[in-house]
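[1] Sequence first, predicted coordinates after that:
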Amino acid sequence: MLVLVAPGQGAQTPGFLTPWLELPGAADRIAAWSDAIELDLVHYGTKADADEIRDTAVAQPLLVAAGLLSAAALGEVTPGVVAGHSVGEFTAAAFAGVLDAEAALRLVRTRGLAMADAAAITATGMSALLGGDPEVTVPHLEKLGLTAANVNGAGQIVAAGTLEQLAALEADKPEGVRRVVALKVAGAFHTHHMAPAVAKLEEAAKQLSPAAPVTRYVSNKDGQVVTDGAEVVARLVGQVANPVRWDLCMETFQTLGATALIEVCPGGTLTGLAKRALPGVATVALKTPDDLDAARTLIAEHAAV
């Protein structure tokens with residue numbers, strides 16, 4: 001059984017979209033999406049520097065566009081499960097047929113702008129903690145005023161809060177944590193700092209007509225399979241200010257019998273977690289079009305008929 005997943009913010013790197021635009025029809029597709037959301041995805045995906053694509057309002061639609069483009073390059077694929085990490089849930093919602101590509105991009109453009117506005121209120125950020133026991137780490141973060149915004153499994157938790165709180169974390173790591181790594185994001189996502197963005201996203205979501213998922217969609221909220229399109233969208237809205245439970249998503253993949261996992265562009269983060277948390281599950285990360293053949297082989301061996 002094949003799982004198709006999409007990464008979240010922080011996975012982007014300068015120029016990562018360049019090789020994908022060489023594929024037939026890709027440049028035209030990206031240009032059309034750029035026009036639809038009034039954002040030059042080609043520029044940001046090929047020429048912009050790290051600081052430009054760190055901007056929340058840019059990074060989020062760029063990541064969703066890249067995920068959709070790379071998945072389309074795979075050809076016909078029938079995954080048993082789809083999911084996305086944080087903003088990757090919008091990509092997954094399009095994979096599941098809940099939203100079409102343009103609707104997903106319009107909504108995520110609103111999300112990025114709203115979250116950027118919320119992030120500008122207070123200087124905040126996120127840092128990944130490598131190692132440690134969640135039962136020890138989470139109370140330690142709470143003591144420092146931080147939130148465990150991403151519980152990713154495989155020994156990784158992402159803390160979020162003010163820059164002062166994150167600096168305090170650097171100086172006072174929880175027992176067992178080997179490293180604290182600042183992420184390439186511009187705010188404390190999935191915390192109460194993002195509450196102003198939720199209201200804006202709720203308004204935008206009222207304009208949508210979501211369809212029921214055509215494949216199993218696993219939600220970041222609790223790792224559960226969601227079968228109603230309106231509920232998927234409601235969860236997309238709420239997750240802006242609530243923790244991502246990727247650990248529970250991976251537990252669901254395992255329970256459902258996952259045998260293979262493909263992470264769309266810019267892949268690497270979620271396949272890395274899967275290799276540690278889902279032993280025996282074959283993985284492919286789509287980083288460049290050179291990875292498509294390996295992904296197609298995996299699809300042929302593991303996708304539903």
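    Yep, it's here.

[2] For the protein, which segments count as strands?
    Listed in chain order, the strands of the chain (DSSP state E) span 2-6, 81-84, 124-131, 147-153, 156-162, 177-182, 216-218, 225-226, 260-263, 282-285.

[3] Let me know how buried Pro19 is, in neighbour terms.
    Around Pro19 there are 15 other residues, counting by other Cβ atoms under 10 Å. Quick note: C-beta positions are derived from backbone N, CA and C, even for glycine.

[4] which residues touch it?
    288-290 (Cβ atoms under 8 Å, 6 or more residues apart in numbering).

[5] how close does it get to Ala31?
    For Pro19, the distance to Ala31 (Cβ to Cβ, to the nearest Å) stands at 17 Å.

[6] Next: Gly257.
    Taken as Cβ to Cβ, the span from Gly257 to Ala31 is 40 Å.

[7] Looking at those two, which is more packed in?
    Ala31 (14 against 10).

[8] Does that one touch Val42 like I think?
    Yes - using Cβ atoms under 8 Å, Ala31 is in contact with Val42, at 6.6 Å.

[9] show me where the stretch 101-250 of the chain has helices.
    Taking DSSP state H, counting those that start in this stretch as the criterion, the stretch 101-250 of the chain contains helices spanning 101-119, 134-143, 163-171, 195-205, 229-238, 246-255.

[10] Highest mean neighbour count out of those helices?
    Each of those was scored by mean neighbour count; the highest is helix 101-119, a mean of 22, by mean count of other Cβ atoms under 10 Å.

[11] Need the residues that contact that one.
    33, 36-39, 55-61, 64-65, 68, 87, 90-91, 93-94, 99, 186-189, 193-197, 200-201, 204-205, 208, 236, 240.

[12] Now list the buried members of these.
    33, 36-37, 39, 55-61, 64-65, 68, 87, 90-91, 93-94, 99, 186-189, 193-194, 197, 200-201, 204-205, 208, 236, 240 (16 or more other Cβ atoms under 10 Å).

[13] thinking again about what came up before, just the buried members of the contacts of Pro19?
    Pro289.

[14] Any stretches of this protein with poor pLDDT?
    304-305 (pLDDT under 70).

[15] rerun at 90
    9-10, 76, 131-132, 134, 153-156, 183-186, 303-305 (pLDDT under 90).

[16] Distance check, Thr137 against Ala128.
    11 Å.

[17] next one: Ala31
    34 Å.

[18] Could you pull up the residues touching Glu301?
    260, 282.

[19] if we go to 10 Å?
    Glu301 is in contact with 2, 259-260, 282, counting by Cβ atoms under 10 Å, 6 or more residues apart in numbering.

[20] Take the residues you listed and write them to CSV, including neighbour count and distance to Glu142.
    CSV is the format used below for the contacts of Glu301 (neighbours: other Cβ atoms under 10 Å; distance: Cβ to Cβ, whole Å):
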residue, neighbour count, distance to Glu142
Leu2, 24, 38
Thr259, 16, 37
Ala260, 23, 37
Ala282, 19, 37
